[in-house]
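Peer 1: Structure, please.
(one chain, ligands or ions: 4)
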Amino acid sequence: METAEIRRRFLSHFENAGHTVVPSAPLLFDDPNLLFVNAGMVPFKPYFLGQETPPFDRATSVQKCVRTLDIEEVGKTTRHGTFFQMNGNFSFGDYFKEGAITHAWELITNSVDDGGLGFDPDKIWVTVLHTDTESRELWKKVAGLPDERIQNRGLLDNYWHMGVEGPGGPCSEIYVDRGPQYGPDGGPEADEDRFLEIWNLVFMQEEITNVTAKDQFDVVGPLPQQNIDTGMGLERVAYLLQGKENMYEIDEVYPVIAKASELSGRAYGADHEDDVRFRVIADHVRSSLMLIGDGVTPGNESRGYVLRRLLRRAVRSMRLLGYDDPALPELLPVSLERMKASYPELETDFARISQIAYAEEEAFRQTLGKGTQIFDVAAGETKKSGGTVLSGDQAFALHDTYGFPIDLTLEMAQEQGLSVDQEGFRALMSEQRARAKADAKAKKGVHADTTIYRQTIDAFGPTDWLAYTNLI
Ligand code: ATP
Ligand code: MG
Ligand code: MG
Ligand code: MG
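Peer 2: Ligands and ions are numbered 1, 2, ... in the order given. Modelled structure (predicted):
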């Protein structure tokens with residue numbers, strides 16, 4: 001079943017059950033606590049917090065999400081993308097636990113001919129908060145699940161709140177058993193690779209206060225109205241229903257792997273390290289497409305830096321596969337082809353999007369071109385002398401002279417089995433900052449602040465003077 005079809009079925013299942021279909025909010029959302037929207041409920045927060053009255057009692061959406069926290073997992077687990085889509089259904093003071101469990105169970109287990117997703121009920125496991133006996137009883141009553149396939153978990157795993165005083169409540173997660181070839185028996189408690197989490201149902205039932213940690217807070221009392229927030233990973237369901245091994249092999253993502261394989265001449269599935277690179281490339285190219293589409297541009301801070309890192313990691317991974325030519329002009333259009341059905345605005349905006357991505361690759365190629373040799377010499381010397389740590393001096397020189405960000409040096413060092421003296425690096429950086437400050441003070445009123453030029457050169461490389469040959 002194509003990803004677009006799963007999305008369609010999800011929305012129509014809930015639309016038929018009286019939910020208003022709400023389009024995805026952009027990844028950039030006006031929330032000071034978030035870099036990017038990272039869950040389907042984010043755009044509905046004001047309703048859950050009681051700050052605004054929702055214009056509906058029930059809503060459903062497929063929300064674009066970016067989770068930067070998961071970046072290191074990409075390609076290594078089967079289930080973490082930096083970009084993914086979260087299907088959700090929401091109830092604002094309308095149905096509660098029983099309704100949420102019933103809707104979810106029906107969609108998951110109804111046959112494909114019946115508009116459902118057709119999962120085998122015997123392969124479904126769920127978790128509940130250990131004190132939430134009500135949910136356990138509902139899973140038995142509504143779904144007929146046996147007690148063994150309902151696992152108890154503590155507050156750390158199965159309690160939801162926003163980290164501040166306000167709404168909170170237990171959650172219940174739905175898992176699919178992928179089969180004994182993927183790990184030991186024993187449910188999600190035993191193995192979260194074999195037992196794949198596909199859906200999280202959150203039951204907002206109480207007001208909490210004195211929140212000091214995920215599992216440290218006081219319950220004030222029941223909320224005046226109980227709400228439901230759920231999130232189902234579209235890509236995870238897609239990989240199961242498409243009979244694939246992981247979320248990078250689904251119809252919306254895999255074509256980029258295929259293209260990367262064609263370009264590099266290396267086969268996907270032949271070597272574990274290469275496979276991780278292929279998956280990182282496919283994931284990061286797609287995330288970059290979606291982020292630029294929503295207005296992010298590469299930069300040295302916060303959101304812009306996340307995008308820069310994604311683009312650079314994709315480009316470097318292509319190099320590690322042995323492909324040294326500009327890669328994004330080959331890969332980005334492939335991702336666009338797969339994503340434009342659900343997000344047609346990507347196609348109309350593609351000239352702008354691609355220009356930003358390609359310029360970033362070009363600038364990065366220049367940085368790499370200058371610094372890689374120096375890095376290799378430094379790494380070679382370190383190894384020759386029997387060392388395992390690249391010195392702070394070397395990392396600083398790479399940064400200062402060749403524009404290598406420290407995380408690039410760290411990554412490249414790691415690939416060579418080396419670590420980096422980060423403390424030494426940081427000390428040199430702060431010395432340099434202090435010097436620059438003192439300098440600026442001494443020259444105040446004489447020279448303008450030129451750090452902005454340095455940032456521009458770091459970001460885009462030196463400018464070619466085109467006025468002799470181009471008339472614009
Ligand atoms: P996991 O434990 O696998 O990291 P999670 O518990 O962090 O997932 P939730 O915060 O409960 O995830 O999000 C709701 C749903 O969104 C999950 O059940 C999963 O299906 C999906 N999801 C979460 N993170 C990702 C991701 N990085 N890539 C793809 N899907 C994801
Ligand atoms: Mg997670
Ligand atoms: Mg989880
Ligand atoms: Mg979860």
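Peer 1: Could you give the bridge partners of the residue of the chain found nearest ligand 1?
Peer 2: Nearest to ligand 1 in the chain, going by C-beta to the nearest ligand atom, is Gly233, at a distance of 2.4 Å. All C-beta spots, glycine's among them, are computed from the backbone N, C-alpha and C. Per DSSP bridges, residues listed as beta-bridge partners of Gly233: Met86.
Peer 1: Hmm, it is touching Ile174, no?
Peer 2: No: look at Gly233 against Ile174 with C-beta atoms under 8 Å: they stay out of range, at 10.5 Å.
Peer 1: Identify the contacts common to those two.
Peer 2: 197-199 (C-beta atoms under 8 Å, 6 or more residues apart in numbering).
Peer 1: Please list which of those residues are also close to ligand 1.
Peer 2: Filtering those for proximity to ligand 1 (criterion: C-beta under 6 Å from any ligand atom) leaves 197-199.
Peer 1: So which of these are in strands?
Peer 2: 197-199 (DSSP state E).
Peer 1: which residues does the residue of the chain closest to ligand 1 contact?
Peer 2: Gly233 neighbours (C-beta under 8 Å, 6+ apart): 79, 84-87, 197-199, 247.
Peer 1: gap between Arg286 and Phe84?
Peer 2: 9 Å (C-beta to C-beta, to the nearest Å).
Peer 1: These two: which is more packed in?
Peer 2: Arg286 (27 against 24; other C-beta atoms under 10 Å).
Peer 1: helix/strand/coil for the more buried one?
Peer 2: helix (DSSP: H, G, I helix; E, B strand; the rest coil).
Peer 1: Quick check: chain neighbours aside, which residue is closest to it?
Peer 2: Once flanking residues are discounted, Arg286 sits nearest to Ser335: 4.9 Å by C-beta to C-beta, 6 or more residues apart in numbering.
Peer 1: in what helix or strand does the closest residue to Val164 other than its chain neighbours lie?
Peer 2: The spatially closest residue to Val164, leaving aside those adjacent along the chain, is Val211, at 6.0 Å (C-beta to C-beta, 6+ apart). Secondary-structure assignment from DSSP states H and E places Val211 in strand 195-213.
Peer 1: so what strands line up beside that strand?
Peer 2: Assessed with DSSP bridges, strand 195-213 is paired to strand 166-177 (antiparallel), strand 216-233 (antiparallel).
Peer 1: Please point out which parts of the last one sit buried.
Peer 2: If you call a residue buried by 16 or more other C-beta atoms under 10 Å, then strand 216-233 has these buried ones: 217, 223, 226-233.
Peer 1: what's downstream of it, the next helix or strand?
Peer 2: Counting by DSSP H and E, what follows strand 216-233 is helix 234-241.
Peer 1: What's the local residue count around Pro170?
Peer 2: So Pro170, with other C-beta under 10 Å, has 23 neighbours.
Peer 1: what's near enough to touch it?
Peer 2: Pro170 touches 128-129, 131-132, 135, 158-160, 203, 205, counting by C-beta under 8 Å, 6+ apart.
Peer 1: same question, Thr102
Peer 2: Val142.
Peer 1: then the helix or strand hosting it to CSV, C-alphas only?
Peer 2: Using DSSP H and E, Thr102 sits in helix 97-109. Provided in CSV are the C-alpha atoms of helix 97-109 (Å, rounded to 0.1, in the frame of the first residue of the first chain):
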residue,chain,number,x,y,z
LYS,A,97,-10.1,6.6,26.2
GLU,A,98,-12.7,4.2,24.9
GLY,A,99,-13.3,6.3,21.8
ALA,A,100,-9.6,6.6,21.1
ILE,A,101,-8.9,2.9,21.6
THR,A,102,-11.9,1.9,19.5
HIS,A,103,-11.0,4.2,16.6
ALA,A,104,-7.4,3.1,16.6
TRP,A,105,-8.2,-0.6,16.8
GLU,A,106,-10.7,-0.4,13.9
LEU,A,107,-8.4,1.4,11.6
ILE,A,108,-5.5,-0.9,12.3
THR,A,109,-7.3,-4.2,12.1
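Peer 1: Flag every buried residue along whichever helix or strand comes after it.
Peer 2: Where DSSP H and E defines the elements, the next helix or strand beyond helix 97-109 is strand 124-129. Neighbour-count burial for strand 124-129 flags 124-129 (criterion: 16+ other C-beta under 10 Å).
Peer 1: Over to stretch 381-392?
Peer 2: Those would be 382, 390-392, for stretch 381-392 by 16+ other C-beta under 10 Å.
Peer 1: Run through the residues of the stretch 201-350 of the chain sitting next to ligand 1.
Peer 2: 231-233, 235-236.
Peer 1: rerun that using 5 Å as the cut-off
Peer 2: Neighbours of ligand 1 within the stretch 201-350 of the chain, by C-beta under 5 Å from any ligand atom: 231, 233, 236.
Peer 1: how about a markdown table for those, with distance to Ile101 and pLDDT added?
Peer 2: Below are those laid out as a markdown table (distance: C-beta to C-beta, whole Å; pLDDT from 0 to 100):
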| residue | distance to Ile101 | pLDDT |
| --- | --- | --- |
| Gly231 | 15 | 98 |
| Gly233 | 18 | 98 |
| Arg236 | 19 | 98 |
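Peer 1: Helix or strand: which one has Arg319?
Peer 2: Counting by DSSP H and E, Arg319 is part of helix 302-320.
Peer 1: And the next helix or strand past that helix?
Peer 2: helix 328-339.
Peer 1: right, is the helix holding Thr102 up against ligand 1?
Peer 2: No: shown here: helix 97-109 not in contact with ligand 1 (C-beta under 5 Å from any ligand atom), separated by at least 11.4 Å.
Peer 1: Let me know the angle separating that helix from strand 195-213.
Peer 2: Inter-element angle recorded for helix 97-109 and strand 195-213: 150 degrees (by axes from the mean of the first three to the mean of the last three C-alpha atoms, to 10 degrees).
Peer 1: Tell me the buried residues in helix 97-109?
Peer 2: 97, 99-109.
Peer 1: The residues you listed into JSON lines, with extra columns for pLDDT?
Peer 2: Below are those laid out as JSON lines (pLDDT from 0 to 100):
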{"residue": "Lys97", "pLDDT": "98"}
{"residue": "Gly99", "pLDDT": "98"}
{"residue": "Ala100", "pLDDT": "98"}
{"residue": "Ile101", "pLDDT": "98"}
{"residue": "Thr102", "pLDDT": "98"}
{"residue": "His103", "pLDDT": "98"}
{"residue": "Ala104", "pLDDT": "98"}
{"residue": "Trp105", "pLDDT": "98"}
{"residue": "Glu106", "pLDDT": "98"}
{"residue": "Leu107", "pLDDT": "98"}
{"residue": "Ile108", "pLDDT": "98"}
{"residue": "Thr109", "pLDDT": "98"}
